[in-house]
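# sequence isn't available, so here's the structure alone:
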């Protein structure tokens, strides 16, 4: 059974930064999604298995950065210039496809999520 575990969420003021971590028990293409209260889950960012190709949602381009360390099966999401509208539960997911994968339907394994709250 593949395990995906997120960490690093918390409370931050608008304009601040947070770094989310995701550990997967194996090498996979991975991605981040988020879900705010009353809204559907949405794509945030994804990276391929090797860690050389990335894809970002338009609303995070220039603010969020993915980094993948295959030796540690770890994915980081550096979030800068955070806005109150970034408040959500952030989920990490892993897929057996080559990636980067935008559609949540293509992911096989999901973490439990980590809360990110950005105050104004």
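Yes, it's here. What you see is a predicted model; the values in this text were computed from it and never measured.

# okay, CA-based contacts and neighbour counts for the rest of this
OK.

# show me the residue at the heart of this protein, geometrically.
Centroid-nearest residue in the chain, with Cα atoms, centre = their mean: residue 32, separated by 2.5 Å.

# the helix or strand harbouring that residue: what's the following helix or strand?
Assigned by DSSP states H and E, residue 32 belongs to strand 29-35. From strand 29-35 onward toward the C-terminus, using DSSP H and E, the following helix or strand is strand 42-47.

# return the set of buried residues in stretch 54-68.
54, 55, 56, 60, 64, 65, 66, 67, 68 (16 or more other Cα atoms under 10 Å).

# I figured the fourth one hits residue 42, correct?
No. Between residue 60 and residue 42 there is no contact under Cα atoms under 8 Å: 11.8 Å.

# can you pull the poorly scored residue ranges out of this protein?
Applying pLDDT under 70 to the chain picks out no residues at all.

# so which residues of it form strands?
Assigned by DSSP state E, the strands in the chain fall at 4-7, 10-13, 18-24, 29-35, 42-47, 54-56, 64-69, 74-79, 88-95, 109-110, 114-119.

# and those: which comes nearest residue 103?
Shortest distance between residue 103 and those, using Cα to Cα, is found for strand 42-47: 7.3 Å.

# list the strands paired with that closest one, with their directions.
Strands that pair with strand 42-47, judged by DSSP bridges, come out as strand 29-35 (antiparallel), strand 54-56 (antiparallel).
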